[in-house]
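> got a structure for you, letters missing:
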């Protein structure tokens with residue numbers, strides 16, 4: 001059985017669309033659906049789920065962020081496999097999820113699989129990425145900028161460009177399937193990350209224990225994008241920045257993060273000074 005976890009934050013209609021697609025395309029004996037409401041302030045998730053009485057609805061009293069909300073949903077999951085499905089994503093066929101389950105079953109050291117994400121109009125949406133490396137961190141600050149070829153090698157956001165199943169750095173968490181046994185061993189998302197970089201950290205952490213992330217281009221899920229985060233406030237921007245800093249510190253150490261922050265601080269100061277005198 002697969003446990004499907006969907007996090008809602010002010011998008012009840014999108015959640016209903018996602019849940020409806022699950023019931024349309026999956027065998028009723030194959031799944032359970034768990035919806036975690038992240039202290040929404042708009043719409044009624046209860047009304048949206050009224051047509052789906054079998055759904056397990058969990059309401060958080062605070063906005064836990066994407067990772068912790070999925071962790072909360074996982075605490076109620078019974079499945080052998082865990083599908084994390086974004087509220088703004090939905091299934092479009094009956095073969096993709098069974099295909100992903102079959103791949104996990106046949107490959108012992110694969111912990112996570114993900115599909116080719118497409119938008120509503122059929123164009124591609126980002127599906128995976130390389131792990132953020134030191135070389136790209138410095139380039140993003142304007143130091144020793146990456147060449148065009150290097151930019152492809154170090155890109156952290158990529159659409160599906162593979163013709164066959166391929167191990168990748170990490171998978172976009174809008175519709176990934178994970179072995180429950182691996183989650184029991186290594187945990188799901190790092191609770192210190194509120195939003196963004198939680199999927200990258202997950203892919204990196206699992207790889208450290210010899211569990212790879214594999215992109216399966218034959219599987220397809222629609223991911224609209226921008227459902228819960230269509231407008232990003234300054235507070236949310238800060239949380240995203242904090243997530244990036246946390247990931248860098250966890251992977252490369254506190255001293256490297258300090259160097260990055262110091263260089264960033266001085267570069268910003270230099271640019272401000274340059275503008276004043278020009």
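Received it, and whenever you're ready, just let me know what you need. As the structure is a prediction and not an experimental result, all values here were calculated from the model.
> and residue 71, how many neighbours?
For residue 71, the neighbour count with other CB atoms under 10 Å is 20. Every C-beta, even on glycine, is put in place using the N, C-alpha and C of the backbone.
> pull the longest strand from the chain.
Using DSSP state E to define each element, the chain has its longest strand at strand 212-223.
> just checking, what packs against that strand?
If you count contacts as 3 or more CB pairs under 8 Å, 6 or more residues apart in numbering; DSSP states H and E, strand 212-223 packs onto strand 89-91, helix 96-106, strand 110-118, strand 126-129, strand 166-168, strand 170-171, helix 198-207.
> now do 6 Å
Secondary-structure packing of strand 212-223 (3 or more CB pairs under 6 Å, 6 or more residues apart in numbering; DSSP states H and E): strand 89-91, helix 96-106, strand 110-118, strand 166-168.
> For the longest one, give the mean pLDDT please.
Mean pLDDT, taken over the full extent of helix 96-106, equals 97.
> Which residues in it does the neighbour count mark as buried?
Neighbour-count burial for helix 96-106, counted by 16 or more other CB atoms under 10 Å, picks out 96-101, 103-104.
> about what we covered before: tell me which of the helices and strands packed on strand 212-223 lies nearest to residue 63.
Residue 63 sits nearest to strand 89-91 of all the helices and strands packed on strand 212-223, at 19.8 Å, using CB to CB.
> What mean pLDDT does the closest one get?
The model assigns strand 89-91 a mean pLDDT of 98.
> That one pairs with which strands?
strand 212-223 (antiparallel) (DSSP bridges).
> What is the subsequent helix or strand relative to the partner strand?
Remark: after strand 212-223, the chain's next helix or strand is helix 234-252, criterion DSSP states H and E.
> Okay, buried residues for that following helix please.
Buried-residue list, helix 234-252, by 16+ other CB under 10 Å: 239-240, 242-244, 246-252.
> can you check stretch 85-96 too?
Residues of stretch 85-96 classed as buried: 85-91, 96 (neighbour count, 16+ other CB under 10 Å).
> Contacts for the longest strand of the chain, please.
89-90, 92, 96, 99-100, 103, 110, 112-118, 125, 128, 160, 162, 165-168, 170-171, 174-175, 203 (CB atoms under 6 Å, 6 or more residues apart in numbering).
> Narrow those to those that are buried.
89-90, 96, 99-100, 103, 110, 112-118, 125, 128, 160, 162, 165, 168, 170-171, 174-175, 203.
> picking that back up, export the buried residues of helix 234-252 to CSV and append columns for pLDDT and distance to residue 17.
Listed next are the buried residues of helix 234-252 as CSV, based on pLDDT from 0 to 100; distance: CB to CB, whole Å:
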residue, pLDDT, distance to residue 17
239, 88, 27
240, 89, 26
242, 95, 31
243, 96, 27
244, 96, 31
246, 97, 32
247, 98, 31
248, 98, 36
249, 98, 38
250, 98, 35
251, 98, 36
252, 98, 40
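> out of these, what pair is the most spread apart?
Of all pairs in those, the most separated under CB to CB is 239 and 252 at 20.4 Å.
> Out of the buried residues of stretch 85-96, which comes closest to residue 258?
Out of the buried residues of stretch 85-96, the member with the shortest distance to residue 258 (by CB to CB) is residue 86, at 34.2 Å.
> which intervals of this protein have sub-threshold pLDDT?
In the prediction, the chain carries residues with pLDDT under 70 at positions 226-232, 270, 273-274, 277-278.
> In it, which residue is most central in space?
Centroid-nearest residue in the chain: residue 173, 2.5 Å away (criterion: CA atoms, centre = their mean).
> Apart from its chain neighbours, what residue comes closest to that one?
In this structure, residue 173 finds its nearest non-sequential neighbour in residue 199, 3.8 Å apart by CB to CB, 6 or more residues apart in numbering.
> For residue 183, see how far away that neighbour is.
According to CB to CB, to the nearest Å, residue 199 and residue 183 sit 14 Å apart.
> Tally up the residues packed near residue 27, please.
Neighbours around residue 27, by other CB under 10 Å: 9.
> All set now, cheers.
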